[in-house]
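Engineer: compute the structure for the input listed below.
(2 chains)
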Amino acid sequence: MTRPLMLTGALTLALAATAACGGGGGGDQTAAGDGRGPITFTDTQSHEEASRKVIDAWNAAHPDEKVTLDIQPKDADSQRQRLINNAQTKSDAMDVIMLDAVWTAEFAANRWVDELPADTVKADDLLAPTLETAEYRGKLYAMPWLTGTGLLYYRKDLVDKAPTTWAEMKDTCDKVLPKQKGMSCYAGLLDKYEGLTVSFAEAVQSAGGTVLDDSGTPTLETDVAKAGLNFLVDGLKSGLIPKEGITFKEDEVKNALQTGKVLFARSWASLYGTANAPDSPVTGKVDVAPIPGLDGPGSGTLGGANLAISAFSKHKATARDFLAFFTAGEQMKTWATINSTPVARTGLYDDQDLIAKYPYLPSLKEGVLKAKARPVAVKYGDVTSAIQNAVYPALTGEVTPDQALSGLQQQLSGLLKQ
Amino acid sequence: MRRGSRWFAALMISPTLLVLVLVVLYPLLAAARESMYVRGEGLDADGFVVEGERFVGVANYAGLVGERFVNAFANTTVFTLATVAVETVLGVAMALVMHGVLRGRGLVRASILIPWAVPTAISGLMWRWVFQADGVANAIIGQKILWTTEGVQAKLAVIIADTWKTAPFIGLLVLAGLQIIPDMVYEAAKVDGASAWQTFWRITLPLVKPALVVAVLFRILQALAMFDLPFVMIGRGKFSVETLSALIWDEATQLRYGPAAAYGIVLIAYVSVIVFVFVRLLGADLLADARSRKERA
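Structural biologist: I've put the predicted structure just below:
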């Protein structure tokens, strides 16, 4: 009997080990580490080329405080897990870290990142909503760096003027679609993943509502929230959004736009380059506009990432200097010239060199200024799961929008009370 | 056995035992302990997470009657039963084919084994394309099924993909079993006028059983711990395909290590029970070696 049991043990070991790795929490706070010396900048793979260029410039000027680039895995879950593992073991292996906009609260509340002096940022230099994603309870914990929000992509060969309301979009489709074979009106990020949270918040905001009010209380049992959710639910029901739309993530939306399956598509700024690339079937035929809403232009959900200083860094003085250097106007421009991810500095949206390279910048600026951050929560993972679990069944028609919203109102109230 | 040689034997296996204690026993005990604590719950007045851990006894196990755990438990069981059953039948068939081929044997074997060699995460991605709304699967059946949405179809998609990937594994082990059956047994059956069916049931299957039992046991262990295929193919957070491992992963990701450890312990117990029952019912041969040695002694 021993042998099979041992086998079992060995196999389930990985699970047990994962479960056990939470050990070692608690203990006192590290106040020290305000030194100078080499530091590590933990960034993600898609930024590598641009970040390395800026780092090289820093390293040339600071031979004793060299920055090493630490490249994270591509997907957000693994990145967060790796940062948390590093924090829970109080390791000084990471100094400056990239935090997704929705992680700020969790990392700040757990004291995994240091509070930054308020004078680190000049509010005027940054697009206001981006600054909010870097704060927790009114204090600054990260430096706004990258941003982005939903943009409406449309076929400019078929549409003269981008719609500003949902009704206009529908009218345009009614006019254009009969002449197009196999084309639907609209596609967005509606699969059950983070994109659904983004799309739901966007729909509610674009109808004039909010997921949470300013005090952090959910406001979902309202007419505007219902109007927002109904844009998605009715859209799927009426065929405005194709049935398979509920399996769409960024890639599927891109394909739908490129293969002429939809007239309008909601995605991020990164799609612009892909859709208008020389090898794209719709190259030169795609333009962007701010997303539409119920009675006027819509309000997007803010994406993006900020830079924070690990609480366990040993060279925080260097880390702070590097942070200031890296996010200064000049370096941000260098970065933005290489990488198309939109940055947080207001000035760069009016920069002629960058506009020539990224013609969508004016639309994007308008979008970001109207955009709202996703709900701020220390346990953001629970909040986004609750939203996805409530909204998805409404999209498939399993529950009515009313049921979905009142259920979500209750759940979020419970989650955010803690 | 003399006393001295017994001590010597103990000394010789002690490194192995030490490693087992370190890599099996310690994590198990740590997980068991972790399953009785919570940490990082609640915020203080300034919005900081209250530090330290708190003993909660078996409170973390309360989730066992929760909808999500029951669902994950049921999914794991369904996936295990369905995939192992189908894979056993297909695997044996594959082994018979590989064994029977006279020319181009290497090519046939290699082509049957390719799915097994593909990493699961990669095959998950491939199958996601196959099961896309405008993917190959829908093109072949001429329907527009949204495979990756919540529902029975998502379960079916996972079972199909898992079968494709791991039937060859059973095939490989069974093939090894087939190759050690001496030809003369078959010749004797032929002389006695046995039909092909009789030959299979009365000769091939009983003689290949030891290999088959081991293969199926391995598959059960793997299937009970299934994680990456549904995760990559259908997506995390889709309850229709959430397995116990996926639930444990998710809880740990949300930093609820207590419940994650509790579910982990339950999964270990579940796996142990299944294996025990399986070995008792079918696998007496697994222990034949040990027993015969005992008898000799």
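
Engineer: end-to-end on stretch A:393-401?
Structural biologist: 9 Å (Cα to Cα, to the nearest Å).

Engineer: oh, that last question was meant for stretch A:274-281, not what I typed.
Structural biologist: One end of stretch A:274-281 to the other measures 10 Å (Cα to Cα).

Engineer: ditto for stretch A:34-46
Structural biologist: First-to-last residue span, stretch A:34-46, Cα to Cα: 30 Å.

Engineer: B:Ala85: which element?
Structural biologist: Taking DSSP states H and E as the definition, one finds B:Ala85 inside helix B:67-100.

Engineer: residue ranges of the helices in the stretch 151-300 of chain A, please?
Structural biologist: A:166-176, A:194-206, A:223-238, A:250-258, A:270-275 (DSSP state H, counting those that start in this stretch).

Engineer: could you do the stretch 1-150 of chain B as well?
Structural biologist: Ranges of helices within the stretch 1-150 of chain B are B:3-20, B:26-34, B:67-100, B:105-117, B:120-130, B:136-141, based on DSSP H, counting those that start in this stretch.

Engineer: could you export those helices as CSV, including mean pLDDT and mean neighbour count?
Structural biologist: All C-beta atoms are positioned from the backbone trio N, CA, C, and that covers glycine. Shown next, in CSV, are those (pLDDT from 0 to 100; neighbours: other Cβ atoms under 10 Å in any protein chain shown):
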stretch, mean pLDDT, mean neighbour count
helix B:3-20, 89, 10
helix B:26-34, 95, 19
helix B:67-100, 95, 18
helix B:105-117, 87, 14
helix B:120-130, 93, 17
helix B:136-141, 94, 13
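
Engineer: quick one: which of those helices is nearest A:Asn85?
Structural biologist: When the helices of the stretch 1-150 of chain B are compared for distance to A:Asn85 using Cβ to Cβ, the nearest one is helix B:26-34, at 15.5 Å.

Engineer: which one of the helices of the stretch 1-150 of chain B lies closest to B:Ala188?
Structural biologist: Between the helices of the stretch 1-150 of chain B, helix B:67-100 lies closest to B:Ala188; by Cβ to Cβ that is 18.3 Å.

Engineer: in the stretch 51-200 of chain A, what residue lies closest to chain B?
Structural biologist: Using Cβ to the nearest Cβ, the single residue of the stretch 51-200 of chain A nearest to chain B is A:Arg137, 4.4 Å away.

Engineer: sorry, wrong one. I was asking about the stretch 251-400 of chain A.
Structural biologist: Residue of the stretch 251-400 of chain A nearest chain B, by Cβ to the nearest Cβ: A:Gly381 (4.7 Å).

Engineer: neighbours of that residue, just the number please.
Structural biologist: Neighbour count for A:Gly381, taken as other Cβ atoms under 10 Å in any protein chain shown: 20.

Engineer: if we can go back for a sec, including distance to chain A, could the helices of the stretch 1-150 of chain B go into a markdown table?
Structural biologist: Formatted as a markdown table, those follow (distance: least, Cβ to the nearest Cβ, whole Å):
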| stretch | distance to chain A |
| --- | --- |
| helix B:3-20 | 7 |
| helix B:26-34 | 4 |
| helix B:67-100 | 10 |
| helix B:105-117 | 18 |
| helix B:120-130 | 10 |
| helix B:136-141 | 9 |
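
Engineer: let's have those in TSV, adding distance to B:Asp183.
Structural biologist: Listed next are the helices of the stretch 1-150 of chain B as TSV, based on distance: least, Cβ to Cβ, whole Å:
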stretch	distance to B:Asp183
helix B:3-20	40
helix B:26-34	47
helix B:67-100	12
helix B:105-117	16
helix B:120-130	37
helix B:136-141	41
